[in-house]
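>>> got a predicted structure here, sequence first:
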Amino acid sequence: IIGKCIDIHDELTEMNSLKHVAATDELTGLYRMEYARRKIMEILTQNKGSDKKFALMLYDLDFFKNANDQYGHILGDQVLCAVAHRAQEVVRNSDVVARVCGDEFMIFFEYKADVSSATKRIFSSLGGVYHGFDTTVSMGIALAPADATEYDKLFHLADKALYAAKHKGRNRYCFYDESMANLFSVLSPV
């Protein structure tokens, strides 16, 4: 019998590091959009037909362009990081928090009975002041399985609800309902 032992620790460490980089937004430390999408699709698929309920929140910073224009991109980046940190502090480890693009973010979580209290808690924690820049958010929420069971549809409906929140004056959240069916989408191409 002839054998050969190879130490693959360094290769595994490097591979795990590359996976982390691919999954994580370098600025905020949140998941990247595509990684979050795959993770949420997996959760929805695993729980299809179960009695579990989920919420997908899409939100963006109101008038974020003003932060960059008035204070510069360095402060703008710091504001994004501060809002990302606020989101991470208010959710569970099992929840999915991601930066969609620019100043748009996503939170996906399971809820038991009342999604309203969790929504109020998360929404109120995201606003605040960062070095003189007042941060408020507009948020759209779609529910699974009530509104949709597939990720792309759920995302699209949350996006329509986000548009409704912006249209109603910003600094608010809206749950998707049928009255929003003909609204535009902010983020989704559908």
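Thanks, I have the structure now. Residues are numbered from 1 along each chain as shown.
>>> would you point out the helix or strand in this protein whose mean pLDDT is lowest?
helix 9-23 (a mean of 63; mean pLDDT, DSSP states H and E).
>>> next SSE downstream of it?
Following helix 9-23 in sequence order, the next helix or strand is strand 31-32 (DSSP states H and E).
>>> continuing past that following strand, what's the next helix or strand?
By DSSP H and E, the next helix or strand past strand 31-32 is helix 33-46.
>>> starting at the chain centroid, how far to that following helix?
12 Å (Cα atoms, centre = their mean, to the nearest Å).
>>> just checking, what packs against that helix?
With contacts defined as 3 or more Cβ pairs under 8 Å, 6 or more residues apart in numbering; DSSP states H and E, helix 33-46 has these neighbours: strand 53-61, strand 96-101, strand 104-111, helix 151-167. Placement of C-beta: from N, CA and C, glycine included.
>>> tell me the buried residues in the last one?
Residues 151, 154-166 are the ones in helix 151-167 that count as buried (16 or more other Cβ atoms under 10 Å).
>>> and it, what does it pack against?
helix 33-46, strand 53-61, strand 137-144, strand 173-175.
>>> next, the angle strand 137-144 makes with the longest one.
Between the direction of helix 33-46 and that of strand 137-144, the angle (axes from the mean of the first three to the mean of the last three Cα atoms, to 10 degrees) works out to 30 degrees.
>>> contacts for helix 33-46?
22-24, 31, 54, 56, 96-101, 106, 108, 144, 149-151, 154-155 (Cβ atoms under 8 Å, 6 or more residues apart in numbering).
>>> same question for the shortest one.
Outside of strand 173-175, the residues that reach it under the criterion Cβ under 8 Å, 6+ apart are 57, 59, 119, 123, 138-143, 161-162, 164-165, 168, 180.
>>> can you tell me the centre-most residue of this structure?
residue 106 (1.3 Å; Cα atoms, centre = their mean).
>>> what's near enough to touch that one?
Residue 106 touches 33, 36, 56, 57, 58, 59, 96, 97, 98, 99, 100, 155, counting by Cβ under 8 Å, 6+ apart.
>>> please redo it, this time with the cut-off set to 10 Å
30-31, 33, 36-37, 40, 56-59, 87, 96-100, 155, 158, 187 (Cβ atoms under 10 Å, 6 or more residues apart in numbering).
>>> follow-up on the earlier one: can you put the helices and strands packed on helix 151-167 in a markdown table and add mean neighbour count, distance to residue 80 and mean pLDDT?
Shown next, in a markdown table, are these (neighbours: other Cβ atoms under 10 Å; distance: least, Cβ to Cβ, whole Å; pLDDT from 0 to 100):
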| stretch | mean neighbour count | distance to residue 80 | mean pLDDT |
| --- | --- | --- | --- |
| helix 33-46 | 16 | 14 | 96 |
| strand 53-61 | 24 | 8 | 97 |
| strand 137-144 | 25 | 12 | 97 |
| strand 173-175 | 22 | 19 | 97 |
